[in-house]
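Visitor: I would like to see how this sequence folds:
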Amino acid sequence: MWSVPLRRTQLDDVRLTALFFAVGAALQIAGLNQVSGLLSDRFGSWLPWVTLTVAAAFQLLRRDRPAAALAGTTAVLTVDVVLCPTVAVWIIFSDIVYAVACYGSQRLVGRLYVLCAIVSAAVVVLLAAAEQPTQWRTVFVGILWVIALIFSPLAYGHALREHRTAAEVQRQHARTLATLADHERVEAVEEERRRLARDLHDVIAGQLSSIAVQSAAALDNPALSDRVLGSVRTISVEALREMRAMIDLLTDGTVDRSRATSTLRRADRLIEPVTGSGTDVELRCTPEVLDPPLPPLVDITAHHILAEALINATKHAPGQPISIDIDIAGDDLVLVVTNPLTDPPAEAEPAHTARGITNMTTRAAVAGGTLAAGPGDGAFTVTATLPLRTAGHPTDSAKEYP
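Guide: Below is the predicted model of the structure:
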């Protein structure tokens, strides 16, 4: 047992060709195949079978090699029309016209239009030149013949080709949208991870760093133990409150606003642990900052930046005085935290990724502002400029934010 491996499309072409050959054979046997009365019919006994067989052989190539199928059937049709016109060859040529219009290249389709126009014109001219008493009726029948066997399959194949092209464009568009949606989903997940990392850094790393700094101060100066323990407790309670708020937000998307502590009105709670460890902190804040209230986005952002700046100051310049200036300049809230620079300790801490300044810069950018941090004139300065005209909080002046 052996078999010829064929693709599904090739098997479909074989079945279709067999069907067309069977129809042509039935027409020939029934005596309905030959178009008598047109040109010569002296080859009517055997030539129709030859033209039918050769045309069917070229029809097998209709989908894989449409150019060869079109050229072959056109040649067979020419011989058939000149020597012995038959219906079967015209029917096969009609199917090849449809196949080329549907599966052929753009260049081949252009040639097909030219060929169909030439064949149609030739048929009409031959019929008009034939010597028949009812010449106009013959020409009319010929025109209907051309429309049915040439232009109808040509138009149907073109329409099917356009529909398939449009469907492919829609599928490509859908794949593109799906790819974009996947990228957006990945970006959203990454952005959420970065946001959670910033929040955890503010709540956990910041508070733990503050506790570590104050504990070190208490070890160096036992007289500060009571104050440091009280400060550590305050910091721990605030950290727990922030963690509960974050857990509530991640669990059901709600936050108990009564537990919210991220506001400049609570700046004293950021300063008290620092002063408790023996560091002098000077706060200069204009009344306009607290009354009327700041826009929530600006208020929360400024609070987190101030907390991070204080932690960095106490960590990298322990015991050095810190000055805080909070003011409104035009339509911007300006926060400046300054502390003197000190020589680095002999045994530096292990190197790690400095996320503090990065997080402060990111928070300022999210609020539409800017942040500059760096040494200069013997001091380290953090300057945050946050616009009060935030989205959803339009204002006409610096004192009209909600």
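
Visitor: Identify the residue nearest Val101 in space, chain neighbours excluded?
Guide: Actually, residue 101 is Ala. It isn't Val. Setting aside the residues directly before and after it, Ala101 is nearest to Gly157 in space (CB to CB, 6 or more residues apart in numbering), at 2.9 Å. All C-beta spots, glycine's among them, are computed from the backbone N, C-alpha and C.

Visitor: secondary structure element for that neighbour?
Guide: Assigned by DSSP states H and E, Gly157 belongs to helix 152-200.

Visitor: The residue nearest to Ala101 is in contact with Val97, isn't it?
Guide: Yes. Gly157 is within contact range of Val97, at 7.0 Å (criterion: CB atoms under 8 Å).

Visitor: So for those two, which residue has more residues nearby?
Guide: Under the criterion of other CB atoms under 10 Å, the comparison of Gly157 against Val97 puts Val97 first, with 26 against 21.

Visitor: show me what contacts the more buried one?
Guide: By CB atoms under 8 Å, 6 or more residues apart in numbering, Val97 lies in contact with 70, 112, 116, 150, 153-154, 157.

Visitor: backbone phi and psi for it, please?
Guide: The phi and psi values for Val97, taken as degrees, to the nearest 10, are phi -60, psi -50.

Visitor: Local confidence estimate at it?
Guide: Val97 carries a pLDDT score of 88 in this model.

Visitor: Ok, Asn359 next?
Guide: For Asn359, the pLDDT comes out at 81.

Visitor: which residues in the stretch 251-400 of the chain form helices?
Guide: 267-276, 296-316, 355-366 (DSSP state H, counting those that start in this stretch).

Visitor: of all these, which lies closest to Leu60?
Guide: helix 355-366 (67.0 Å; CB to CB).

Visitor: re the thing from before, point out the most buried one among the helices of the stretch 251-400 of the chain.
Guide: helix 296-316 (a mean of 23; mean count of other CB atoms under 10 Å).

Visitor: What are the structural domain limits within this protein?
Guide: Domain assignment for the chain by automatic domain parsing gives 8-131, 179-387.

Visitor: how long is the longest one from one end to the other?
Guide: Terminal residues of domain 179-387 are spaced 36 Å apart (CA to CA, to the nearest Å).

Visitor: Distance from that domain to the middle of the chain?
Guide: 36 Å (CA atoms, centre = their mean, to the nearest Å).

Visitor: do the shortest one as well
Guide: Put simply, domain 8-131 sits 49 Å off its chain's centre (CA atoms, centre = their mean).

Visitor: Offset the numbering so it begins at 500, please.
Guide: All set: I'll call the first residue 500, so the last point we hit is now domain 507-630.

Visitor: What helix or strand is Val618 located in?
Guide: Counting by DSSP H and E, Val618 is part of helix 605-628.

Visitor: now for that helix, which elements pack on it?
Guide: Under the contact definition 3 or more CB pairs under 8 Å, 6 or more residues apart in numbering; DSSP states H and E, helix 605-628 sits against helix 565-582, helix 586-602, helix 634-645, helix 651-699.

Visitor: List every C-alpha atom in it, with coordinates, as CSV.
Guide: Output in CSV follows, covering the C-alpha atoms of helix 605-628 (Å, rounded to 0.1, in the frame of the first residue of the first chain):
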residue,chain,number,x,y,z
GLN,A,605,-1.9,41.2,-7.4
ARG,A,606,0.2,41.2,-10.6
LEU,A,607,-1.5,38.1,-11.9
VAL,A,608,-4.9,39.5,-11.1
GLY,A,609,-4.1,42.6,-13.2
ARG,A,610,-3.2,40.4,-16.1
LEU,A,611,-6.4,38.4,-15.6
TYR,A,612,-8.5,41.5,-16.1
VAL,A,613,-6.7,42.2,-19.4
LEU,A,614,-7.1,38.6,-20.5
CYS,A,615,-10.8,38.5,-19.6
ALA,A,616,-11.4,41.7,-21.5
ILE,A,617,-9.6,40.3,-24.6
VAL,A,618,-11.5,37.0,-24.5
SER,A,619,-14.8,38.7,-24.0
ALA,A,620,-14.2,41.1,-26.9
ALA,A,621,-13.0,38.2,-29.1
VAL,A,622,-16.2,36.2,-28.4
VAL,A,623,-18.5,39.1,-29.2
VAL,A,624,-16.6,39.9,-32.4
LEU,A,625,-16.6,36.3,-33.6
LEU,A,626,-20.3,36.1,-33.0
ALA,A,627,-21.0,39.4,-34.7
ALA,A,628,-19.0,38.3,-37.7
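
Visitor: Tell me the buried residues in it?
Guide: The neighbour-count check on helix 605-628 (16 or more other CB atoms under 10 Å) flags 608, 611, 614-615, 618-619, 622, 625-626 as buried.

Visitor: And the strands in the stretch 800-901 of the chain?
Guide: 821-828, 831-839, 869-875, 878-886 (DSSP state E, counting those that start in this stretch).

Visitor: ok, the residue nearest to Ala600 to Ala567 distance?
Guide: Per CB to CB, to the nearest Å, Gly656 is found 17 Å from Ala567.

Visitor: With Phe557 instead?
Guide: Note on Phe557: its distance to Ala567, by CB to CB, is 7 Å.

Visitor: Which of the two has more residues huddled nearby?
Guide: Neighbour count, other CB under 10 Å: between Phe557 and Ala567, Phe557 has more, with 22 against 12.
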